[in-house]
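Q: The sequence and its predicted three-dimensional model are supplied below.
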Amino acid sequence: MSIIIQFVKDGIKSASSGNKTYHLWMGSLTLLMILGAYAYSVQLKEGLTVTGMSDNVSWGLYISNFTFLVGVAAAAVMLVLPTYILKDIDFSKAVLIGEGLAVSALVMCLAFVTVDLGNPAKAWHLIPFIGLFNWPNSMLSWDVLVLNGYLFINLTIPFYILYTKYIGKKPNEKLYFPGVLISVFWAIGIHLVTAFLYAGLPARPFWNSALLGPRFLASAFAAGPALIILALEVIRKYSEYKIETKTIRKISLVVTVAAQINLIMLFSELFKEFYAPTHHSSSAIYLFFGIGDKTALMPWIYTSLALNIVATIILTVHLLRNDLRWMNLALIMLFVAIWIDKGMGLIIPGFIPGSYGDIVEYFPSWVEVFVTLGIWAMGFFIFSALIKIGIPIEIGKLRFQKKD
Amino acid sequence: MFQQLTASLLTGAGLVNSSCSVTATDDKREKKQLEWEEYFKGNYRLMSDNEKQDTVKRLERLYELNNGNHASISSEQPSENVLFGYAFNISKCQGYMDCVNACVQENNQDRNSQMQYIRIHEHQNGQINFDLADDDFYHEVPAAGHFYIGTQCFHCENPPCVEVCPVKATWKEKDGIVVIDYDWCIGCRYCMAACPYDGRRFNWATPEIPTEEINKDQHYLGNRLRKKGVMEKCTFCIQRSRKGNNPACVDACPTGARIFGNLLDPNSEIRWVLDNKKVFRLKEDLGTEPKFWYFMD
């Protein structure tokens, strides 16, 4: 027991020490979190009326970010799978980073769902056995289960591996391998369930598509590993943790293939909506062309589309992808493109036009923007702290030492 | 079991909490205690008759403490052999909006946001196309060359909103009315996304009604006062219909365009309409089976 206490102490010490840049980084994140907390306090007091949402567009920036981040969390599997199951050692150094990212993304997901609740004080109604859980009927109850389950898996496995290394032992593969295997299926599960949450609504034809689930997976396996590569580049620049370029190249191949599949699916959707437009295409028409003078989403979707196509081309051309500067640029573009695509390109237009064709547009309010920034800052904060604890243990610098 | 355990534990804690505060007046203390007990109560559908009585008493007392006068909150159950249905005569509606106003007054909707359960869509002659209809008109009615169609919650037999609720805060009662337990709703608005008929409303802010305008004849599942952050919707005026009266919109309509009644009673007016008129429903392809029909003379 005292070893665990020492482990936590050492962890906190490791996470809270660093050079000036690190402290500046964590300090700015904390500032953003405080601003976000203030904005949320305003929302708690006044109600969701301080957001840009309305009876017409009843989900906005919060649920958009939630949807996107479920994908980022699921993407950890693209590193776990080759490492533990296919025994590809090139990925092994990235796994820990991937799982740290999954944990941070999941915490952000849960935070985004919580801030979206109109009555968060009654959130305990969602706890199975204590509240009243509409399972298996409601896809949202599935989502609560799978997200928390995935969080549990992604906390326990790295904890076990790091802890055994910390006390100077070798992790027992027989112990953690089943967990790894489950997490691979679970990761696909969390994103499919999140897609079904929307796809299961015939009331919203824009979402009511069989392609939604697969497309969620493809875009997630592009955006998630893209973020992981960018994180790896930062880590290998600023720490002693050696990550070979070979590893980064391999992950970038995953991103490339996923981005290509995502584009094919996107064009398939566009074909279906615009070759023979029906009444059910009106959301897509609003999104891409606007209806009347209502054109708020057009700048977003064309930015996303352009970034997506250019990034995929850069990644597809070997010459460009193998140049790390071009690759990084493409990864940032792709990440932004998919973020826009999940929110302004999917969640918002799903509500426009409304049930009877009325067009009410949506613009996030300052409260929503600050709460969103605050939650993202919290995610980066958690990720940075986890990495700061994980790396010294991985490279053998942080070990349990008996105090005299 | 778990629920009872937590509830009783927390009620005890609430008692300690409220009785320990020395500064509060008796009223404040009582209010705090009642709110505490209300916070930890269970879902209305799972309550025993006694528990229903208890929560109604608490809510009535809270209303008294907050507003200084008495409101009666009913927990009347559905009657046997009753299934409510509604029909709308498109030929008769002239767009007067009396139904909308009566509904707002009857059901204690928020006046600030001008929440309305009913929408009247002004259509141009020649087609029923909701995309082109205007539901926000402000001019003399009936306008030449136009006709009017009202929409509201259709109380579907197969309601998608009920399926998606993660906490079972909304359900279909035995008499076919789709209701919400306002105290169990967590405000996730998934039901709103799932409803194809725009039948649901959300309290984006704390609802406000001038005290003298509050309808004090209330039902737990109907027009009792709501809080911010929860869903609400048309309940076929459950506080009226369960007593055998018409919903307020039906009684308010000056042209007789609205017909309400028991679908299981072969002698009811609604059954006569269904048997003798050519009726249709909106978005029937979605399979939600609305209990709200349209017809023309």
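A: Here it is on my side, so go on.

Q: wait, doesn't A:E240 sit right on A:I395?
A: Yes - look at A:E240 against A:I395 with C-beta atoms under 8 Å: they come within range, at 6.1 Å. (Glycine included, C-beta is placed from N, CA and C.)

Q: quick one, phi/psi of the residue nearest to B:A193 when sequence neighbours are not counted?
A: Distance criterion C-beta to C-beta, 6 or more residues apart in numbering or on different chains; nearest residue to B:A193, sequence neighbours excluded, is A:L201 at 5.9 Å. Backbone geometry at A:L201, expressed as degrees, to the nearest 10, gives phi -110, psi 100.

Q: I'd like to know how many residues surround A:L201.
A: Burial of A:L201 is recorded as 22 neighbouring residues (other C-beta atoms under 10 Å in any protein chain shown).

Q: And A:G60, by the same measure?
A: Other residues near A:G60 come to 25 when the count uses other C-beta under 10 Å.

Q: tell me which element the spatially closest residue to B:L225 that is not a sequence neighbour falls in.
A: Nearest residue to B:L225 in three dimensions, chain neighbours excluded: B:N108, at 5.9 Å (C-beta to C-beta, 6+ apart). Secondary-structure element containing B:N108, defined by DSSP states H and E: none, the residue being outside all helices and strands.

Q: distance of B:N108 from B:K216?
A: Relative to B:K216, B:N108 is positioned 9 Å away (C-beta to C-beta, to the nearest Å).

Q: got it, and A:S41?
A: According to C-beta to C-beta, A:S41 and B:K216 sit 35 Å apart.

Q: Also A:S17?
A: Counting by C-beta to C-beta, the gap from A:S17 to B:K216 is 64 Å.

Q: Repeat that for B:A193.
A: For B:A193 relative to B:K216 (C-beta to C-beta), the value is 34 Å.

Q: Neighbour count for the two, which is higher?
A: Summary of the neighbour comparison: B:A193 and B:K216, criterion other C-beta under 10 Å, with B:A193 having more neighbours (23 against 14).

Q: residues contacting the residue of the stretch 151-297 of chain B found nearest chain A?
A: Nearest residue of the stretch 151-297 of chain B to chain A (C-beta to the nearest C-beta) works out as B:G187 at 2.3 Å. Taking C-beta atoms under 8 Å, 6 or more residues apart in numbering or on different chains, we find B:G187 in contact with A:48, A:117-120, A:122, B:202, B:229-231.

Q: let's see it at 7 Å
A: Taking C-beta atoms under 7 Å, 6 or more residues apart in numbering or on different chains as the definition of contact, the neighbours of B:G187 are A:117-119, B:229-230.

Q: got those residues as TSV, with distance to A:I97, pLDDT and neighbour count columns?
A: Converted to TSV, the contacts of B:G187 look like this (distance: C-beta to C-beta, whole Å; pLDDT from 0 to 100; neighbours: other C-beta atoms under 10 Å in any protein chain shown):
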residue	distance to A:I97	pLDDT	neighbour count
A:L117	31	97	19
A:G118	36	97	22
A:N119	37	96	23
B:G229	38	97	25
B:V230	42	97	23
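
Q: Contacts only, for A:D358.
A: Under the criterion of C-beta under 7 Å, 6+ apart, the neighbours of A:D358 are A:56, B:135.

Q: Give me the secondary structure label for it.
A: Classification of A:D358 using DSSP: H, G, I helix; E, B strand; the rest coil returns coil.

Q: what about it, distance to A:K294?
A: Taking C-beta to C-beta as the measure, A:D358 and A:K294 are separated by 10 Å.

Q: got it, and A:Y241?
A: For A:Y241, the distance to A:K294 equals 50 Å [C-beta to C-beta].

Q: quick one, which of the two is more surrounded?
A: Under the criterion of other C-beta under 10 Å, the comparison of A:Y241 against A:K294 puts A:Y241 first, with 17 against 14.

Q: Got phi/psi on that one?
A: phi -70, psi 120.

Q: I figured it hits A:P392, correct?
A: No - counting by C-beta atoms under 7 Å, A:Y241 sits too far from A:P392 to count as a contact (9.0 Å).

Q: No more questions from me, cheers.
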